[in-house]
Structure formats: structure tokens, C-alpha cells
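J.: need the 3D shape of this:
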Amino acid sequence: GEAEFREVDAFDASSLDAALRDVDAVVHTAGPFQGVRRPAVLEAAIRRGNLVYVDACDETELCGAALALDEASRDAGVAAVVSGGIWPGASALMAMDCLERFGETESPSLDLSFFTAGTGGAGPTIVSATFLLLVTPAAVVERGLETSKEAWTEPKVVDF
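T.: Have a look, this model is predicted:
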């Protein structure tokens, strides 16, 4: 199949249900996620059932609400990856993949370019926030308990 973008009201159940009617996967990047408390797109994916769902959520409370839907997701046949991250999640994964594929040198040098077109002029803010995240302890949930870890200290390989 082909990937396509769909315009949808991410807070309207009927709009979401119509958009997800004939899809096999949902990649939800329609942020910003700050201030959102209900994972409406994931809820729609669960109503639809039998699909793959990935979001780039970076809001702790919203992520917690999405994680609370784990059993419902599994029961509906929805393979859900929440808080997959773009800033800096995906870029960090791409950087690690490049280093693994092309080999590390004694002093590896890696340049990242961020394209922020379509952000309504918020590009510099997005890039600044990305680099602030690199030096800020990350909120994590382990065995149901919220804690924090220093960024970049515990890479984890997930075999899909």
C-alpha cells in the first residue's frame, strides 16, 4: 500500500473514525501535544481495531493516559507504540543507525540538519527545545513507577 496524509480533526471522534476506516497503520504526529490529556487518536485506533499505531507524543500526562489503554489496545489487535518521539527520538535513532552502519571512528562527527517548514515560524524554538532535551533528565516509567534518567545513558535496542 501507499502512505498518505489525511486531514482530520484530532479531537472529533466521528472525524477520526472516518479517517481510520480503511487504514492498516496510523502515524500520529499532529502535535503539539502539550496540554492534551486524552489520547483521542489512539482511542479511535482501538475502536477501528487490527492496525498499527505510532505517535510522537512528548507530553508525560498524555503518554500515561495512552499507556493506560494497553489492555484495550491488545484486545483490539492494535500494536501501539506511544511517545515514539521525533525531538530528539527519531533523530537520535537515525544517528545511532548511521554510526552502526558506517562504523565509529576515534572521534565520530555527525551533523544533523533540522527542517522545520510548516511550523508557523516556530522552527528556532523547536530546535532549541531539542538541544535542551539532550541535557535534561528524561522522565521514564519503569515497572509502573515514574522516575528520571540522565539523557543518552541507557540506549535500548528494540527488535521489531
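J.: rest of the way, CA atoms for contacts and neighbours
T.: Fine.
J.: does Ser15 touch Asp9 like I think?
T.: Yes - between Ser15 and Asp9 there is a contact at 5.9 Å, judged by CA atoms under 8 Å.
J.: return the helix or strand in the chain with minimum mean pLDDT.
T.: helix 89-102 (a mean of 68; mean pLDDT, DSSP states H and E).
J.: hey, C-alpha coordinates of the helix or strand following that helix in CSV?
T.: Later in the chain than helix 89-102, the nearest helix or strand by DSSP states H and E is helix 123-133. Coordinates of each C-alpha in helix 123-133 appear next as CSV, following Å, rounded to 0.1, in the frame of the first residue of the first chain:
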residue,chain,number,x,y,z
GLY,A,123,11.4,26.4,13.9
PRO,A,124,14.1,28.0,16.0
THR,A,125,12.1,27.2,19.2
ILE,A,126,11.8,23.6,18.2
VAL,A,127,15.5,23.2,17.5
SER,A,128,16.3,25.0,20.8
ALA,A,129,14.0,22.7,22.7
THR,A,130,15.6,19.7,21.0
PHE,A,131,19.0,20.6,22.3
LEU,A,132,17.7,21.4,25.8
LEU,A,133,16.2,17.9,25.9
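J.: gap between the residue most central in space within the chain and Ser148?
T.: When CA atoms, centre = their mean is applied to the chain, the residue found nearest the centroid is Ala56 (2.0 Å). Distance, Ala56 to Ser148, by CA to CA, to the nearest Å: 19 Å.
J.: got it, and Pro155?
T.: 14 Å.
J.: neighbour count: these two, which is higher?
T.: A direct count of neighbours by other CA atoms under 10 Å for Pro155 and Ser148 places Ser148 higher, at 13 against 9.
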